[in-house]
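Novice: after the sequence you'll find the predicted model.
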Amino acid sequence: MWDALVRVGRALRLVLLLTLALLFLVPFYLLVRNGLAREEDITAPDWTFFPGEVRWSNLSELFQDPTVPMARALLNSSLIAVATTLGTLLLASLAGYGLARIPYRHADAVFYAILGTLMVPAAVTFVPSFVLVSTLGWISTLRGLIIPTLFSAFACFVFRQYFLGFPKELEDAARVDGLGYWRVFWRVVAPNSRPVFAAVGSIVFIGSWNSFLWPLVIGQDRDSWTVQVALSTFTTAQTVRIHELFIAAAVSVLPLLVVFLLLQRHIVAGVERSGIDD
Amino acid sequence: MRWRPRAPAGPQNRTLWFWLFVGPFVLGLLVFTYVPLGWSVYLSFFDAHNTVSPSREDFVGLDNYAAMLRDDAFTDSLRTFAVFTAFIVPATYALALALALMVNRLRWWQAFFRSVFFLPVACSYVVAALIWKMSIFNGVRFGLANTVLGRFGGEQIAWLSTTDPPWYWLVIVTVRLWLQAGFYMLLFLAGLQRIPPRLYEAAAVDGARPGWQVFRHITFPQLRATSVAVVLLLVVNAFQAFDEFYNLLSDARGYPPYARPPLVYLYYTALGQGQNLGLGSAGAVILALVIGVVTVVQARWFGLGRKEEV
């Protein structure tokens, strides 16, 4: 009797999970379905799950349409996301290592000053940050879109926590060989910390690729639009053909899905190890 | 010249090395976070239209703050936030915890389900808003939701423009739920892995039935630290809501007067037509204070940082 109940419970759970999984996947399906459909199929009065025709030519039309600066936006987004990721990794890992390993009297005060900025929601400072960037003359430049975003207290925090747990014996051996902090970091610590770099890197990459408010505020010229800003401009203006909008959105998600599938384990490990739930 | 500090480095050297590692980061944080914060507070005391360096005559003291607090649109936006938080925080918490509990016990297919629920994290709010606005909850005829409703004989609904009842809330809440539930599920999964198995063994010996009893007396209390962090993150993130509201509700004609969270309002105030940076800054400072107070109260309330005794 009890066994049977457990078995029924397990089956119910599986059914529930499968239903939820389908619900979670439907939006992705709609993205691709609409992206590869004819405009008439998307706006047809009788909505059907499978559109009449799958049109791969939508993809090439997207990049040939001069009203949609899709190629430029993709290039901007790629440059920004790659530069932001590399820059953040460099700055935050160095800072995290210094905080974790180099004894200094005021290290705690410095750490709290960094941690404090986590409490200041970044979005609340967008007005003064916009002011600062415009004073510097960086509006609509890659500089303005990249440099202010490089100083992630979150990334620094994750690196510090990780390096605190890094086996000291490895570093001590290198130290005995006469290496200073700089070379110990680059030759011993960094090469042995690839997973945490991959984890933080993928989280930063996803965040940068998907960020919207900052690029919206700073990227005012059409030439400096990121993919998200370009998509948003067309969604709110409704001047673009709808199937093109969807294929553009699908194209914008693709790079992240690749990053995600390649680095999934590291992202999971990174989130688990970030210590934010401790 | 070559730098070649001998190990072990002396205290003087260590200070130098510390700043070589940490300095660039701290400098950037000063310039791009602390300076804007200070500047924002400064600007909030001036009548600064279209300028970032107001002259002395433009000093207005606390007038901007008074104006913002008297501005119905701004106080409405704070109320909008409160309502949004009241929906999204419990909903995400419950869904993420339920997903984690269900996925955690799976022997097979665990990685598959985990990936599926985490996948939306890779999607941006802009793209998700596009799918929600133009495909699922689209206007009157050709949306998925209305098609499904029609099958069951329901009335067609103009989801985003119906304010009575406020159907747009359903659209706004489900977008965020879909996008963020997977991330918090992951935090709960991490928390579940840390629960010592011996606690469950002891419960089994004491005759606790698997299911509700074990969840109530062991799993849930053990997840306390995770829960506190999740709720904190959810509230702070809800306060910063901008992307989905902007992309779902604004169009070429502007933004409707309803469902306008603080950041959307500040965006239009500071960077819209009027470019009123003084008012915008005052609003940002008020918003930061509100977030700060909520965070501190909440941290006190739940005892953030208190370690569990295992």
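Specialist: Thanks, I have the structure now.

Novice: return the list of helices and strands in contact with the helix or strand hosting B:R79.
Specialist: Per DSSP states H and E: B:R79 is located in helix B:72-104. Helix B:72-104 sits against helix A:2-35, helix B:110-118, helix B:168-193, helix B:224-239, helix B:262-271, with contacts defined as 3 or more Cβ pairs under 8 Å, 6 or more residues apart in numbering or on different chains; DSSP states H and E. All C-beta spots, glycine's among them, are computed from the backbone N, C-alpha and C.

Novice: so where's the stretch 151-278 of chain A shaky on pLDDT?
Specialist: Counting by pLDDT under 70, the ranges of the stretch 151-278 of chain A that qualify are A:238-239, A:270-278.

Novice: now the closest residue to chain B within the stretch 1-150 of chain A: how far from B:F18?
Specialist: Residue nearest to chain B within the stretch 1-150 of chain A: A:G98 (3.0 Å; Cβ to the nearest Cβ). For A:G98, the distance to B:F18 (Cβ to Cβ, to the nearest Å) stands at 5 Å.

Novice: what is in contact with these two at once?
Specialist: Counting by Cβ atoms under 8 Å, 6 or more residues apart in numbering or on different chains, the contacts common to A:G98 and B:F18 are A:Y104.

Novice: in terms of neighbours, single out the busier of those two.
Specialist: A count of neighbours by other Cβ atoms under 10 Å in any protein chain shown puts A:G98 above the other of A:G98 and B:F18, at 28 against 22.

Novice: just checking, that one touches B:W17?
Specialist: Yes: assessed by Cβ atoms under 8 Å, A:G98 is found in contact with B:W17 at 7.4 Å.

Novice: just the buried residues of the helix holding B:R79, please?
Specialist: Neighbour counts over helix B:72-104 (16 or more other Cβ atoms under 10 Å in any protein chain shown) mark B:74, B:76-78, B:80-81, B:84-85, B:87-89, B:91-93, B:95-97, B:99-104 as buried.

Novice: just stretch B:107-116 next, same as before
Specialist: With burial defined by 16+ other Cβ under 10 Å, the residues of stretch B:107-116 counted as buried are B:113-114, B:116.

Novice: which outside residues touch it?
Specialist: With Cβ under 8 Å, 6+ apart as the test, stretch B:107-116 has contacts from A:17, A:21, A:24-25, A:264, A:268, B:102-104, B:106, B:185-186, B:189.

Novice: let's verify A:C156: helix, strand, or coil?
Specialist: helix (DSSP: H, G, I helix; E, B strand; the rest coil).

Novice: tally of neighbours for the nearest residue to it once chain neighbours are set aside?
Specialist: Nearest residue to A:C156 in three dimensions, chain neighbours excluded: A:A92, at 4.3 Å (Cβ to Cβ, 6 or more residues apart in numbering or on different chains). By other Cβ under 10 Å, 26 other residues sit near A:A92.

Novice: doesn't A:T149 make contact with A:A92?
Specialist: No: checked against Cβ under 8 Å, the pair A:A92 and A:T149 is beyond contact range at 12.0 Å.

Novice: which one is residue 34 nearest to, not counting chain neighbours?
Specialist: Since no chain was named, I'll use chain A. With Cβ to Cβ, 6+ apart as the criterion, A:N34 has its nearest non-adjacent residue at 3.8 Å, and that residue is A:F246.

Novice: I was thinking of chain B, sorry if that wasn't clear
Specialist: Closest residue in space to B:Y34, ignoring its immediate chain neighbours: A:T117 at 7.7 Å, by Cβ to Cβ, 6+ apart.

Novice: for that neighbour, which residues are in contact?
Specialist: A:153, B:29, B:33-34.

Novice: looking at these, which are in helices?
Specialist: Secondary structure from DSSP state H places A:153, B:29 of those in helices.

Novice: what about burial for the contacts of A:T117, which qualify?
Specialist: Among those, those scoring as buried are A:153, B:29, B:33-34 (criterion: 16+ other Cβ under 10 Å).

Novice: SS state for A:P103?
Specialist: Secondary structure for A:P103, judged by three-state DSSP, is coil.

Novice: look up the closest residue to it, ignoring the ones flanking it.
Specialist: A:P103 sits nearest to B:R14 (Cβ to Cβ, 6+ apart), 5.7 Å away.

Novice: export the host helix or strand of the one you found to PDB, keeping only CA atoms.
Specialist: In this structure, B:R14 sits in helix B:11-29 according to DSSP H and E. Written as PDB, here are the backbone C-alpha positions of helix B:11-29 (Å, rounded to 0.1, in the frame of the first residue of the first chain):
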ATOM      1  CA  PRO B  11      55.600  45.000   5.200                       C
ATOM      2  CA  GLN B  12      56.500  48.000   3.000                       C
ATOM      3  CA  ASN B  13      56.600  45.800  -0.100                       C
ATOM      4  CA  ARG B  14      53.400  44.100   0.800                       C
ATOM      5  CA  THR B  15      51.500  47.400   0.900                       C
ATOM      6  CA  LEU B  16      52.900  48.300  -2.500                       C
ATOM      7  CA  TRP B  17      51.900  44.900  -3.900                       C
ATOM      8  CA  PHE B  18      48.400  45.100  -2.300                       C
ATOM      9  CA  TRP B  19      47.700  48.300  -4.100                       C
ATOM     10  CA  LEU B  20      49.100  47.000  -7.400                       C
ATOM     11  CA  PHE B  21      46.600  44.200  -7.300                       C
ATOM     12  CA  VAL B  22      43.600  46.000  -5.700                       C
ATOM     13  CA  GLY B  23      44.300  49.600  -6.800                       C
ATOM     14  CA  PRO B  24      43.000  49.600 -10.400                       C
ATOM     15  CA  PHE B  25      39.800  48.000  -9.300                       C
ATOM     16  CA  VAL B  26      39.200  50.400  -6.400                       C
ATOM     17  CA  LEU B  27      40.100  53.300  -8.600                       C
ATOM     18  CA  GLY B  28      37.500  52.300 -11.100                       C
ATOM     19  CA  LEU B  29      34.900  51.800  -8.400                       C
END
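
Novice: tell me which strands and helices that helix is in contact with?
Specialist: Using 3+ Cβ pairs under 8 Å, 6+ apart: helix B:11-29 touches helix A:70-101, helix A:107-119, helix A:181-184.

Novice: again, 7 Å this time
Specialist: In terms of contacts (3 or more Cβ pairs under 7 Å, 6 or more residues apart in numbering or on different chains; DSSP states H and E), helix B:11-29 is packed against helix A:70-101, helix A:107-119.

Novice: and the angle from the shortest one to helix B:224-239?
Specialist: When axes from the mean of the first three to the mean of the last three Cα atoms, to 10 degrees is applied, the directions of helix A:107-119 and helix B:224-239 differ by 50 degrees.

Novice: what mean pLDDT does helix A:107-119 have?
Specialist: What helix A:107-119 shows for mean pLDDT is 88.

Novice: then stretch B:135-150?
Specialist: 77.

Novice: before we move on, what about stretch B:220-229?
Specialist: So the average pLDDT for stretch B:220-229 ends up being 88.

Novice: quick check: buried residues in it?
Specialist: Judged by neighbour count (16+ other Cβ under 10 Å), stretch B:220-229 contains these buried residues: B:222-223, B:225-229.

Novice: helix/strand/coil for the closest residue in space to A:A100 that isn't next to it in sequence?
Specialist: Nearest non-adjacent residue to A:A100, counting by Cβ to Cβ, 6+ apart: A:F163, 3.8 Å away. Put simply, A:F163 is helix when judged by three-state DSSP.

Novice: is A:F163 in contact with A:Y97, as I believe?
Specialist: Yes: counting by Cβ atoms under 7 Å, A:F163 touches A:Y97, with 5.1 Å between them.

Novice: these two: which has the busier surroundings?
Specialist: When neighbours are counted by other Cβ under 10 Å, A:Y97 comes out ahead of the other of A:F163 and A:Y97, with 24 against 20.
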